[in-house]
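Trainee: What would the 3D arrangement of this be:
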Amino acid sequence: MNLLIDVGNNYVKWAAVEDGHWDGGYRTPISGAISELFESCWDYLPVPRRIMVSNVQGEQFESDLVKWCQSYWRVRPMFLEPTETAYGIVNNYHDPKQLGADRWAALIGARTLSDGALGIIDCGTAITVDALSADNEFLGGAILPGLRLAHDSLLMNTRGVNASVPQLVSVLGRSTADCVSSGIYNGLAGGVDRLVSEIENTLAQQLRFYITGGDAIRLQPLLKTQTILDPELVLKGLLEVLIRL
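Mentor: Sure, this is the predicted structure:
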């Protein structure tokens, strides 16, 4: 069994793969003691042969994960690091190492699903919109605040606004909470659609767009852009990396 782990800003997501069988769809909030978090996620699993990780939490989280895996399973996890070129993809970031490992993995995962020019909309703590050419060049992208980040920022910096985690009711809200939700959902959906339009105009071609991330299912119905929902695109990229090792 191989274990694939996507460490985001707020959640740990994972899938176990054995002889082509995919056991995924798991995610747990990052909170509390790290060792207890890891145990709650994976103590039910058999010892994995290999572990591949995308991590955006930083060096301390990586160190804690390495220590736990070695102590619990005697297996050292491998961590995906963006480079100038790998897995058939050219990274055109000015500093390739600054690209998030999750975005790099999503590019790799998307390429396993389709040929041609692709776009990836990843709806997590931040919303990223990235472009991959038919010649496998990562051309760059854009970053917006995600749904919860935009919501929390508004409440933190605005007096007299008190609203729970946003749920879209109507474009015309009749309470402050509903107005906040309408502005955030529709504003971000409009922003993503505008970015898609500008990217396609810049490249003078249409792209096939995949949408992924924890809030993808919330944002997708509001987009005018036609998208293919794949919640585990990052994990699929990690699996492709393992296959190629």
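Trainee: switch to C-alpha atoms for all contacts and neighbour counts from now on
Mentor: Fine.
Trainee: which residues touch residue 73?
Mentor: 47-48 (C-alpha atoms under 8 Å, 6 or more residues apart in numbering).
Trainee: Please state the backbone phi and psi of it?
Mentor: Dihedral angles of residue 73 (phi, psi; degrees, to the nearest 10) stand at phi -120, psi -10.
Trainee: Okay, it and residue 38: tell me how far apart.
Mentor: Distance of residue 73 to residue 38, given as C-alpha to C-alpha, to the nearest Å: 12 Å.
Trainee: The chain: helices as residue ranges?
Mentor: Counting by DSSP state H, the chain has helices at residues 34-42, 59-72, 101-113, 147-157, 176-203, 216-219, 233-244.
Trainee: contacting residues around the spatially closest residue to residue 235 that is not a sequence neighbour?
Mentor: Distances taken as C-alpha to C-alpha, 6 or more residues apart in numbering put residue 4 closest to residue 235, at 6.0 Å, once the chain neighbours are dropped. By C-alpha under 8 Å, 6+ apart, the contact set of residue 4 is 14-17, 51-53, 235, 238-239.
Trainee: In CSV, list the residues you listed along with distance to residue 28, pLDDT and neighbour count.
Mentor: Compiled in CSV, the contacts of residue 4 are given as follows (distance: C-alpha to C-alpha, whole Å; pLDDT from 0 to 100; neighbours: other C-alpha atoms under 10 Å):
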residue, distance to residue 28, pLDDT, neighbour count
14, 9, 97, 24
15, 12, 97, 19
16, 15, 96, 23
17, 18, 96, 16
51, 18, 98, 21
52, 18, 98, 21
53, 15, 98, 25
235, 15, 97, 28
238, 18, 97, 27
239, 20, 97, 24
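Trainee: ok, the residues you listed vs residue 61, which is closest?
Mentor: residue 53 (11.5 Å; C-alpha to C-alpha).
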